[in-house]
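[1] Provided below for reference: sequence and predicted model.
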Amino acid sequence: MPIDVKVSEDTSVTFNGWASTGTPNLKPFSYHPRPIGPKDVEIEITHCGICGSDIHTITGGWGELKNGPCIPGHEIVGKIVEAGNKSHHKVGDLVGVGAMVDACGECNQCKSDNDQFCTKKCFTYNDTFKDGRGGQSYGGYADRVRVNSDFVFKIPSEISAAEAAPLLCAGVTTYTPLKIHKAGPGKTVGVIGIGGLGHLAIQWAHALKCDEVVAVSTSDNKREESKKLGATKFINSKKPEDMKAAAGSIDLLICTSFATDTDWAKVLSLVATHGKLVLLALPEDPLQIPANSLISRNVSIAGSLIGGKETVQEMLEFAAKHNIRPWIEKRPMSDPNAAVKHMMDGRPRYRIVMETEAASRL
């Protein structure tokens, strides 16, 4: 059930979006944003990507909505139309917002570019602010959003607004573990799931000059596309001969998706002795991990959650420099339910980006 939230509203302004009420069908929803603070900016949204996290949230797969209607969307791009006097950006800047909109900025996690682990963080939607001003967060399936400028990122001129949107979540989510676990020359990196996250992970690993970049999928229909993205090898996980030939060969295996019946012993068989499996996808049910697959070869499993705000900006600049772009399909935000259904059907190659009317004014 919704909980009481301290109200902090600017009743002179109304933002309009599309909200979930606990079912996949999004409905028009309007709200008054928080008053704009000294460090805040108001963004006229032009684009917003659809992330798997949005689907888990609006369908209730991750549990009930916290505070009533929820406007999803945390791959937001748009132009600043108002800026507080202490903000880091100016009116007219093309900027992006990812999966977080606030953190304390003072704890050890925040000071080490790990603000995603701050106990006072606020996610972009389905969350409440903990900065003493009250209010709840609403995402980017909307015409506008107000955000702490610490969590607003300048979009490099080399990257289009539409292509920038998925980088704000899918991009940093896949870039961060490769950075943390030192992917590069001398390492073989594998990517399970060639979708919205996986197709970017392959590009990062290729640009980082890993010795081998291995794409792992359940069928051959993405084999050629994986090569175009930068993969040097392809494994069809449904073929025993492919799995046997690749056993123990991958130093860092990035898992971007899996099925409810995934055989984790089979997955872990691909990891090299002393290697790591890194989970990016968040399942709705507990995993069944065979301990012997870890202990017998000193294999470890790690998790990774988006990335700190300094890493987000670094990732955007890396993408601009190395020509890394998501493969996108554009859809009008005026019909988000059709776009969400397309996403849920698993049909995009590889990321859906919704456009608002404001996109035509860029």
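    Done, it's in. Numbering: from 1, shown residues only.

[2] In contact with His322, which residues?
    Taking C-beta atoms under 8 Å, 6 or more residues apart in numbering, we find His322 in contact with Gln203, Ala207. No exception for glycine: its C-beta is placed from N, CA and C like everyone else's.

[3] What does the pLDDT read for it?
    Note for His322: predicted pLDDT of 98.

[4] gap between it and Leu200?
    For His322, the distance to Leu200 equals 12 Å [C-beta to C-beta, to the nearest Å].

[5] How much space separates the closest residue to Thr119 other than its chain neighbours from Glu310?
    Excluding the flanking residues, the one nearest Thr119 by C-beta to C-beta, 6 or more residues apart in numbering is Cys107, at 7.1 Å. Between Cys107 and Glu310 the distance, using C-beta to C-beta, works out to 15 Å.

[6] Who has more neighbours out of these two?
    Counted by other C-beta atoms under 10 Å, Cys107 and Glu310 do not tie: Cys107 has more neighbours, with 16 against 12.

[7] correct me, but the more buried one touches Cys118?
    Yes: taking contacts as C-beta atoms under 8 Å, Cys107 lies within contact range of Cys118: 5.6 Å.

[8] Just the buried positions in the longest helix anywhere in the chain, please.
    Counting by DSSP state H, the longest helix found in the chain is helix 309-322. Of all the residues in helix 309-322, those buried under the rule 16 or more other C-beta atoms under 10 Å are Lys309, Thr311, Val312, Gln313, Glu314, Met315, Leu316, Phe318, Ala319, Ala320.

[9] from those, which is closest to Ser226?
    Of all these, Ser226 sits closest to Ala319, with 18.9 Å by C-beta to C-beta.

[10] quick one: contacts for the closest one?
    Under the criterion of C-beta under 8 Å, 6+ apart, the neighbours of Ala319 are Pro156, Ile159, Leu167, Gly171, Arg325.

[11] same thing but 10 Å
    By C-beta atoms under 10 Å, 6 or more residues apart in numbering, Ala319 lies in contact with 156, 158-159, 163-164, 167, 171-172, 175, 200, 203-204, 207, 325-326.

[12] now those: which count as buried?
    Buried members of the contacts of Ala319, scored by 16+ other C-beta under 10 Å, are 156, 159, 163-164, 167, 171-172, 175, 200, 203-204, 207, 325-326.

[13] Which residue ranges of the stretch 51-200 of the chain form helices?
    Along the stretch 51-200 of the chain, counting by DSSP state H, counting those that start in this stretch, helices occupy 52-58, 108-111, 161-166, 172-180, 198-207.

[14] I'd like these written out as CSV, with mean pLDDT added.
    Below are the helices of the stretch 51-200 of the chain laid out as CSV (pLDDT from 0 to 100):
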stretch, mean pLDDT
helix 52-58, 92
helix 108-111, 98
helix 161-166, 98
helix 172-180, 98
helix 198-207, 98
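
[15] Relative to Gly346, which of these is closest?
    helix 52-58 (10.5 Å).

[16] What about Leu65, how many residues nearby?
    Leu65 - counted by other C-beta under 10 Å - has 19 other residues nearby.

[17] before we move on, what about the one 3 residues further on?
    Gly68 has 15 neighbouring residues, counting by other C-beta under 10 Å.

[18] average model confidence for stretch 275-283?
    Summarised as a single mean, pLDDT over stretch 275-283 is 93.

[19] Quick check: what element follows the longest helix of the chain along the chain?
    Using DSSP states H and E, the helix or strand that follows helix 309-322 towards the C-terminus is strand 328-332.

[20] Start and end of stretch 323-339, how far apart?
    Stretch 323-339 has an end-to-end distance of 27 Å (C-alpha to C-alpha, to the nearest Å).

[21] And it, how far out from the chain middle?
    For stretch 323-339, the separation from the chain centroid amounts to 14 Å (computed by C-alpha atoms, centre = their mean, to the nearest Å).

[22] what does stretch 27-38 give?
    23 Å.

[23] what would the helices of the stretch 51-200 of the chain look like in a markdown table with distance to Arg146?
    What follows is the helices of the stretch 51-200 of the chain, written out as a markdown table (distance: least, C-beta to C-beta, whole Å):
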| stretch | distance to Arg146 |
| --- | --- |
| helix 52-58 | 20 |
| helix 108-111 | 21 |
| helix 161-166 | 18 |
| helix 172-180 | 22 |
| helix 198-207 | 28 |
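
[24] right, so of those helices, which gets closest to Arg351?
    Per C-beta to C-beta, nearest to Arg351 of the helices of the stretch 51-200 of the chain: helix 161-166, 4.3 Å.

[25] Put the alpha carbons of the closest one into PDB.
    The C-alpha coordinates for helix 161-166 follow below in PDB (Å, rounded to 0.1, in the frame of the first residue of the first chain):
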ATOM      1  CA  ALA A 161      19.900  13.000 -28.200                       C
ATOM      2  CA  ALA A 162      18.100   9.800 -29.100                       C
ATOM      3  CA  GLU A 163      21.200   7.700 -29.000                       C
ATOM      4  CA  ALA A 164      22.300   9.200 -25.700                       C
ATOM      5  CA  ALA A 165      19.200   8.100 -23.800                       C
ATOM      6  CA  PRO A 166      20.100   4.400 -23.400                       C
END
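
[26] In terms of secondary structure, what does that helix contact?
    strand 40-49, strand 76-83, strand 94-97, helix 309-322, strand 328-332, strand 351-355 (3 or more C-beta pairs under 10 Å, 6 or more residues apart in numbering; DSSP states H and E).

[27] could you dump these to TSV with distance to Glu9?
    Formatted as TSV, these follow (distance: least, C-beta to C-beta, whole Å):
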stretch	distance to Glu9
strand 40-49	14
strand 76-83	16
strand 94-97	20
helix 309-322	26
strand 328-332	29
strand 351-355	26
